[in-house]
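Student: Structural data only, the sequence is not supplied:
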Ligand SMILES: Cc1cc2nc3c(=O)[nH]c(=O)nc-3n(C[C@H](O)[C@H](O)[C@H](O)COP(=O)(O)OP(=O)(O)OC[C@H]3O[C@@H](n4cnc5c(N)ncnc54)[C@H](O)[C@@H]3O)c2cc1C
Ligand SMILES: Cc1cc2nc3c(=O)[nH]c(=O)nc-3n(C[C@H](O)[C@H](O)[C@H](O)COP(=O)(O)O)c2cc1C
Ligand code: FES
């Protein structure tokens, strides 16, 4: 079967994309597989200026998952473009920049810079930052703010597709999805991590210095599937499914509920060749399950 | 990758038991394994972990060659290491490495190895490779019995002394000993340390006060082991937060704030 997927003007050899923050800047994984075989790569969230991130400890294990409070540590957009991007096989595998800012204008500026780079195929907008100017509300939790950021990015992104990444930490994710779509998003990706915490009964301390963090990994897959399914019914733009994907069967489950492609996150930590293995295993599973084309299978859930 | 051998080294009592785990040698074809150096580590994740615990666990490479396989020495401290201790020959594990940087080796320069507990693991091969044993000295602080560690094997090759801690006074005496010995290697000798964080802090402080510096191997909690998740960072005075797995685990004591 032809594994190719196309959406928002991008064509991917297969639907396997690596998720932001779980695949470094790509270069870290070159020794574990051929990056050129991935559908696409989303790199660690970039801000205009480098960021130092949160205090340690930043990660904690939970049953079938992990909590992280990295705090968006990154080398900054400029350093990424100058020092890391040239090493990536971007002509073969689309590189998607994940961007992050605390003001709508800053999002626009960052989008303009990144979209102007030849090696960057698309922008993925992380709207989970506490918005300083609006009193601590997350952009991703208020449809009006989400729309404002989406517009700001879209206006400056030129011809590059804009993917808006949604947080599950809302009561109505479909409303967020519609707001992003109406503001011009070319595609949506979901979900980002779920807000969570872990504590130690013995030491009476939180396990993360930041106290709360984002839950990811197989533990969140049911929540992610539900979000993707709800959003696919609410919007017309393509949806990329993310959340606990660790096997080829997980990939098909997300496509079954309507996703066009998927992102592999925490699984890259379970084994560093996880995404490459999914690329290898997917065709055989499709054959076994009688999946003949993505168009026929996508969204074919018998509800 | 499969388990070749799991040998129980000894019972550490309340501190947990000690094991040597030998995995198949991945072969020198990619050459990374032909060139590994003491101080580097591997991530190990048995398939028996299922989805919980989720992450692999980092361990120093104690030795690695065709004959012995990739060997790590580990102490049972929690859920992951308890599951590792239940492995049997033929069990499958995911292992990735060699990862990280390594301890400096300067033949001809007086070299002091300081090991705390299972922190002795990376020094096993270091002692073997060090050609002039005359200028090599290892000081080992431990709580569980000495035969839990590969100490005898190392003592046959270089000047090694062990100090067992059974009460707070022993610890004070050990710290006093460090205060005496470390300055002898400052500023020009080489001081390498691996062990628990308070021990590393003491080594770094004493070396600094004596006008020298030491290389410290950090044991931060890790997820990816390859510099991707940024979960294991330490504060580098010049470069800010650096991932211990990719930029370390070995750092010069005066470059980081512990
Ligand atoms: C580069 C590196 C090399 C290491 N080399 C060795 C080695 O050669 N032999 C060896 O026995 N151990 C080594 N460690 C420590 C080893 O990784 C931990 O003991 C192990 O991950 C604990 O797993 P667990 O699931 O049993 O513990 P958990 O169930 O996760 O935790 C149980 C207890 O162990 C402590 N712990 C957890 N992770 C670490 C850690 N990374 N360092 C210290 N304490 C920890 C926790 O604070 C907790 O108190 C190394 C760590 C690093 C980063
Ligand atoms: C350590 C870590 C760092 C992350 N950093 C980012 C980031 O910078 N930007 C972003 O949009 N999402 C980030 N994420 C979220 C992931 O991209 C993904 O949405 C989430 O982990 C759920 O997928 P998973 O269960 O497959 O990991 C991060 C996740 C983890 C675990
Ligand atoms: S363990 Fe992931 S960056 Fe070090």
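Tutor: Yep, that arrived. None of these values were measured; they are calculated from a predicted model. Residues are numbered from 1 along each chain as shown, chains lettered A, B, ... in the order given. Ligands and ions are numbered 1, 2, ... in the order given.
Student: For the residue of the stretch 151-258 of chain B found nearest ligand 2, list the residues it contacts.
Tutor: At 4.3 Å from ligand 2, residue B:229 is the closest residue in the stretch 151-258 of chain B, using C-beta to the nearest ligand atom. (C-beta placed from N, C-alpha, C; glycine too.) Listed by C-beta atoms under 8 Å, 6 or more residues apart in numbering or on different chains, the contact set of residue B:229 reads A:21, A:22, A:24, A:59, A:68, A:70, A:269, B:223.
Student: for the second one, helix, strand, or coil?
Tutor: Local secondary structure at residue A:22 is given as coil here, using DSSP: H, G, I helix; E, B strand; the rest coil.
Student: which non-adjacent residue is nearest it?
Tutor: residue A:265 (4.2 Å; C-beta to C-beta, 6 or more residues apart in numbering or on different chains).
Student: what sits against that neighbour?
Tutor: Counting by C-beta under 8 Å, 6+ apart, residue A:265 touches A:18, A:19, A:21, A:22, A:216, A:217, A:242, A:243, A:244, A:245.
Student: Compile those residues into JSON lines and extend it with columns for distance to residue A:303 and pLDDT.
Tutor: Formatted as JSON lines, the contacts of residue A:265 follow (distance: C-beta to C-beta, whole Å; pLDDT from 0 to 100):
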{"residue": "A:18", "distance to residue A:303": "30", "pLDDT": "98"}
{"residue": "A:19", "distance to residue A:303": "27", "pLDDT": "98"}
{"residue": "A:21", "distance to residue A:303": "32", "pLDDT": "96"}
{"residue": "A:22", "distance to residue A:303": "31", "pLDDT": "98"}
{"residue": "A:216", "distance to residue A:303": "27", "pLDDT": "97"}
{"residue": "A:217", "distance to residue A:303": "26", "pLDDT": "98"}
{"residue": "A:242", "distance to residue A:303": "22", "pLDDT": "98"}
{"residue": "A:243", "distance to residue A:303": "20", "pLDDT": "98"}
{"residue": "A:244", "distance to residue A:303": "21", "pLDDT": "98"}
{"residue": "A:245", "distance to residue A:303": "21", "pLDDT": "98"}
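Student: From the residues you listed, pick the one nearest residue B:256.
Tutor: residue A:21 (23.9 Å; C-beta to C-beta).
Student: Report pLDDT for the closest residue to the closest one other than its chain neighbours.
Tutor: Closest residue to residue A:21 apart from its sequence neighbours, by C-beta to C-beta, 6+ apart: residue A:44 at 5.3 Å. At residue A:44, the model reports a pLDDT of 95.
Student: Over to residue A:133?
Tutor: In this model, residue A:133 carries a pLDDT of 59.
Student: Residue A:151 now?
Tutor: For residue A:151, the predicted pLDDT is 96.
Student: surely it meets residue A:183?
Tutor: Yes - counting by C-beta atoms under 8 Å, residue A:151 touches residue A:183, with 4.9 Å between them.
Student: Residue 128: what secondary structure?
Tutor: This is for chain A. Applying three-state DSSP: residue A:128 is coil.
Student: Oops, wrong one, chain B.
Tutor: Using three-state DSSP, the structure places residue B:128 in helix.
Student: Counting neighbours, what do you get for it?
Tutor: When counting by other C-beta atoms under 10 Å in any protein chain shown, one arrives at 15 neighbours for residue B:128.
Student: which SS class is the nearest residue to it once chain neighbours are set aside?
Tutor: Spatially, and ignoring its direct neighbours in sequence, residue B:128 is nearest to residue B:157 (6.3 Å; C-beta to C-beta, 6+ apart). Following three-state DSSP, residue B:157 is assigned to coil.
Student: residues touching residue B:157, list them.
Tutor: Applying C-beta under 8 Å, 6+ apart to residue B:157 gives the contacts B:127, B:128, B:133.
Student: and the helix or strand encompassing residue B:137, is it in reach of ligand 1?
Tutor: Residue B:137 is located in strand B:136-142, with elements delineated by DSSP states H and E. No - counting by C-beta under 6 Å from any ligand atom, ligand 1 is not contacted by strand B:136-142; separation bottoms out at 12.7 Å.
Student: Give me the sheet partners of that strand and which way each runs.
Tutor: Strands adjacent to strand B:136-142 in the sheet, as given by DSSP bridges, are strand B:111-116 (parallel), strand B:159-164 (parallel).
Student: Quick check: residue A:253 touching residue A:225?
Tutor: Yes - at 6.3 Å, residue A:253 counts as touching residue A:225 under the criterion of C-beta under 8 Å.
Student: higher neighbour count, those two?
Tutor: Taking neighbours as other C-beta under 10 Å, residue A:253 and residue A:225 compare with residue A:225 leading, 22 against 19.
Student: helices or strands next to the strand or helix carrying that one in the packing?
Tutor: Using DSSP H and E, residue A:225 maps to helix A:221-234. Judged by 3 or more C-beta pairs under 8 Å, 6 or more residues apart in numbering or on different chains; DSSP states H and E, helix A:221-234 is in contact with helix A:173-182, strand A:187-190, strand A:239-242, helix A:248-256.
Student: angle of the helix or strand where residue A:283 lies against helix A:248-256?
Tutor: If you go by DSSP H and E, residue A:283 is part of helix A:274-289. Here helix A:274-289 points in a direction 70 degrees away from that of helix A:248-256 (axes from the mean of the first three to the mean of the last three C-alpha atoms, to 10 degrees).
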